[in-house]
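Chemist: Structure for this input, please:
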Amino acid sequence: MLNLTRHKLFAAKEGIFSLCWRVIIRPHCWQALMIALLMVAGALLEMFTVAMAVPLLDAVTTPAKADAGRVVTLIQNMLAYMGLPTSTNIVVLSLIVVASALYLARSGFSVLHQYLIAAVAHRLGRRMRFMLFERFLHARYEDLVKKGRAGILQDMTSPANSLFVSLLMLGALFTGIVNAAMLFALMFYLSSWATLAVGFLTIGGVQGLRRLLDARAAKCGRIIYALDTDLGKVEVDSVDGLKVVKTSGLEESMVQRQQSILAAVTRPALQLVLLRSAPGVINEVVASLIVLGLSVVTSLYPWMGMRFSTMIAFLVAIRRLSPAIAGVNSAIVDLNRSRRSLEVIEEVLELTPLEEQGQRSLSNVEEIRLTDVSFYYAARPDNWVLRDLDLVMKRGVTTAVVGPTGAGKSTIANLIMGLFRPCSGTIVINGNDLREINLKAWRSRVGYVPQDPFLFNTSLRENIALWDPTVCQADIEWAAGVAQLHEFVLTLPEGYDTVVGDRGLRLSGGQCQRVVIARAILRRPEVLVFDEATSALDNLTERAVYEAIQALRKDAIVIVVAHRLSTVRDADQIVVLQSGKIVEVGTHESLMEEGGVYSMLYGVDTYEGQGAVP
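Modeler: Just a heads-up that it's a prediction; the model follows:
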């Protein structure tokens with residue numbers, strides 16, 4: 001977290017070009033070099049095309065001077081070599097043909113380098129989206145929970161899209177710079193004093209506009225990025241909580257929240273439009289003044305060496321220079337607009353911690369041991385969720401974890417799954433610290449049923465098998481039968497090919513839970529973790545599910561986190577939590593005889609389960 005804060009402070013002071021160099025150019029030096037060479041070739045061709053105006057105009061207006069020029073002499077020699085006449089009309093026609101050929105070649109190079117930039121930008125944007133997606137999936141669960149779904153989606157999609165646009169803008173920027181440099185070289189050749197005057201105005205104008213526009217464009221970009229994140233939160237919450245929105249009559253409220261954010265985006269978005277357009281207008285004004293001034297000098301002060309043909313070429317160069325400079329300024333504004341997205345790329349890829357993976361493998365899981373385990377969430381360091389837990393769970397034994405709401409029951413399940421790490425103490429599997437075990441291999445041995453079942457928007461078959469091609473239909477039907485789901489599936493027209501909808505919208509809460517239970521037990525895992533996993537089932541179905549699971553316990557460690565205590569009477573050991581500490585451990589009968597916390601909770605649970613009103 002400290003590294004991320006330092007990175008943001010450094011990025012805020014860093015120039016946009018150094019940021020682009022690190023994020024975009026340096027990782028792709030060869031592609032950047034090829035594109036740069038094409039840009040230089042195109043700029044040279046444009047320079048030669050503009051330069052052709054001098055011999056062409058001299059050939060028309062002052063043939064004597066034209067005959068002394070190198071270009072006209074070269075054309076005349078070529079015409080003579082080919083046996084063609086070297087009259088003025090033929091020379092002028094030849095010059096026009098050469099200028100047209102140069103222009104067409106320049107256009108071809110321009111299309112080619114723009115195509116290459118777009119191709120590289122597309123591949124880079126696609127690759128970046130993949131890298132961000134992969135990084136988030138392998139990041140620490142605790143960090144992802146803090147960021148939230150909308151924030152993750154924004155950081156995963158917006159930077160990749162902005163990277164595509166930024167690379168196009170970099171292409172436009174460097175194209176403008178190279179073209180401007182070549183045109184300046186031509187102008188200096190034509191008239192050094194006029195070029196110095198124009199260069200002074202141009203460089204001063206560019207630097208002045210940069211100072212004026214960069215900070216404002218970056219600020220607008222940051223505001224828009226933050227507002228887009230807020231907008232994503234509203235829209236994601238509205239879709240995910242659609243049932244709550246409708247049953248609570250929140251449609252207008254959510255629409256108003258969205259409208260207020262969209263309205264807030266308008267001002268910085270329009271400011272960016274002005275920031276992009278202003279340089280073009282200013283450059284056009286300056287270019288017009290320069291053109292007027294050079295015309296006056298050529299007409300009234302011929303002794304300064306600016307003849308008519310030179311002035312025309314110079315003016316053409318200025319007219320070509322103006323959009324190039326405007327394009328440079330506009331590209332800089334757009335790059336600063338995307339600055340926050342480029343910073344996010346570095347933050348995600350370099351500063352987001354990955355889930356630590358141990359190297360140790362496991363044989364059959366025989367025992368899970370928690371020793372002096374304490375835990376608090378990073379957002380609430382003063383609120384200990386678990387304190388000094390000592391707990392042993394063995395193969396063939398069903399352990400139920402019960403207690404009042406907020407006692408830390410689900411946190412134990414999360415720690416065993418490796419979603420969080422203990423703040424102190426150890427979790428040991430077969431004598432090996434969980435931190436030294438490969439988490440992916442460990443989780444493949446665990447069947448986990450969360451209290452909030454999640455279904456993918458695909459078929460029942462794929463929701464149970466999770467796209468594993470090695471799972472056969474018989475195994476899917478067996479797992480569905482254990483979860484009391486198979487008979488229901490047979491009543492559906494498409495059976496196991498039925499698509500469940502977004503987050504299982506087409507199924508009831510109990511049916512969703514049974515699908516997740518079938519998923520968890522499909523591979524006959526060595527550890528089964530049920531975290532409030534049957535709360536949406538009716539009593540008869542819940543009892544049938546647990547009876548079926550009990551038949552599997554001889555080959556597995558079964559952990560049941562339960563709020564409804566009637567379902568844990570047959571557990572081999574019941575662990576009672578209160579305020580993050582274990583206060584009782586025993587069987588149902590021994591704990592009822594003690595008359596402690598469990599007895600009180602069980603009495604309340606039974607009383608409420610009978611439908612009585614306390």
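Chemist: rest of the way, CA atoms for contacts and neighbours
Modeler: Fine.
Chemist: SS state for the residue nearest to Ala43 when sequence neighbours are not counted?
Modeler: The shortest distance from Ala43 to any non-neighbouring residue, by CA to CA, 6 or more residues apart in numbering, is to Asn179 (4.8 Å). State at Asn179, reduced to three classes by DSSP: H, G, I helix; E, B strand; the rest coil: helix.
Chemist: What is the neighbour count of Asn179?
Modeler: Burial of Asn179 is recorded as 25 neighbouring residues (other CA atoms under 10 Å).
Chemist: which residues touch it?
Modeler: By CA atoms under 8 Å, 6 or more residues apart in numbering, Asn179 lies in contact with Val40, Ala43, Leu44, Glu46, Met47, Leu321, Ala324.
Chemist: Find the residue at the geometric middle of this protein.
Modeler: Met156 (1.5 Å; CA atoms, centre = their mean).
Chemist: Quick one: residues contacting that residue.
Modeler: Going by CA under 8 Å, 6+ apart, the list of residues near Met156 reads Arg129, Leu132, Phe133.
Chemist: export the residues you listed to a markdown table and tack on secondary structure and pLDDT?
Modeler: Formatted as a markdown table, these follow (DSSP: H, G, I helix; E, B strand; the rest coil; pLDDT from 0 to 100):
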| residue | secondary structure | pLDDT |
| --- | --- | --- |
| Arg129 | helix | 83 |
| Leu132 | helix | 84 |
| Phe133 | helix | 85 |
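Chemist: Please identify which of those residues is nearest to Ser191.
Modeler: Closest approach between the contacts of Met156 and Ser191, by CA to CA: Arg129, at 50.0 Å.
Chemist: State the distance from that closest one to Val91.
Modeler: Distance from Arg129 to Val91, counting by CA to CA, to the nearest Å: 56 Å.
Chemist: Over to Arg267?
Modeler: 58 Å.
Chemist: do Gln357 as well
Modeler: For Gln357, the distance to Val91 - CA to CA - is 76 Å.
Chemist: So for these two, which residue has more residues nearby?
Modeler: Legend: neighbour count by other CA under 10 Å for Gln357 and Val91, higher for Val91 (21 against 14).
Chemist: pLDDT below threshold where in the stretch 301-450 of the chain?
Modeler: Scanning the stretch 301-450 of the chain for pLDDT under 70 picks out the ranges 301-309.
Chemist: Strands along that one, start to end?
Modeler: Using DSSP state E, counting those that start in this stretch, the strands found in the stretch 301-450 of the chain span residues 367-376, 384-394, 398-402, 424-429, 432-433, 446-449.
Chemist: circling back to that earlier point, Leu292 versus the residue nearest to the centre of the chain, what's the distance?
Modeler: 52 Å.
Chemist: same check, this time on Ala562
Modeler: 86 Å.
Chemist: Those two - which one has more neighbours?
Modeler: Ala562 (23 against 12).
Chemist: Report pLDDT for that one.
Modeler: With respect to pLDDT, Ala562 scores 80.
Chemist: Could you do Val515 as well?
Modeler: Reported pLDDT for Val515: 90.
Chemist: Just confirm it contacts Glu462, I think it does.
Modeler: No - at 10.4 Å, Val515 does not count as touching Glu462 under the criterion of CA atoms under 8 Å.
Chemist: Give me the more crowded residue out of those two.
Modeler: Val515 (26 against 20).
Chemist: Check which helix or strand the more buried one maps to.
Modeler: Val515 is located in helix 509-521, with elements delineated by DSSP states H and E.
Chemist: which residues touch that helix?
Modeler: 446-449, 453-455, 460, 463-466, 476, 479-485, 504, 528, 533-534, 536-538.
Chemist: Would you list the strands that the helix or strand following it pairs with, along with their directions?
Modeler: Later in the chain than helix 509-521, the nearest helix or strand by DSSP H and E is strand 527-531. Paired with strand 527-531 in the same sheet, following DSSP bridges, are strand 446-449 (parallel), strand 557-561 (parallel).
Chemist: Can you pull the domain assignment for the protein?
Modeler: The chain breaks down by automatic domain parsing into domains covering 19-351, 362-445+526-535+554-614, 450-524.
Chemist: These: which one's closest to Tyr546?
Modeler: If we rank these by CA to CA, the stretch that ends up nearest is domain 362-445+526-535+554-614, at 7.7 Å.
Chemist: to the chain's geometric centre, what's the distance from the closest one?
Modeler: 36 Å (CA atoms, centre = their mean, to the nearest Å).
Chemist: go on, stretch 39-46?
Modeler: The answer for stretch 39-46 is 36 Å, by CA atoms, centre = their mean.
Chemist: Residues in contact with that stretch: which ones?
Modeler: Counting by CA under 8 Å, 6+ apart, 102-103, 105-107, 109-110, 113, 174-175, 178-179, 182 sit against stretch 39-46.
Chemist: Stretch 168-176 now?
Modeler: Residues contacting stretch 168-176 (CA under 8 Å, 6+ apart): 36, 39, 43, 114, 117-118, 121, 324-325, 327-329, 331-332, 334-335.
Chemist: One more pass at 6 Å, please.
Modeler: Met39, Ala324, Val328, Ala331 (CA atoms under 6 Å, 6 or more residues apart in numbering).
Chemist: so what's the last one up against?
Modeler: Counting by CA under 6 Å, 6+ apart, Ala331 touches Met169, Leu173.
Chemist: gap between it and Tyr115?
Modeler: In terms of CA to CA, Ala331 sits 18 Å off from Tyr115.
Chemist: Quick check: which element contains Ile574?
Modeler: strand 573-578.
Chemist: The residue nearest to Tyr141 when sequence neighbours are not counted: how many residues sit nearby?
Modeler: Closest residue to Tyr141 apart from its sequence neighbours, by CA to CA, 6+ apart: Leu419 at 5.7 Å. As a burial measure, Leu419 scores 14 neighbours (other CA under 10 Å).
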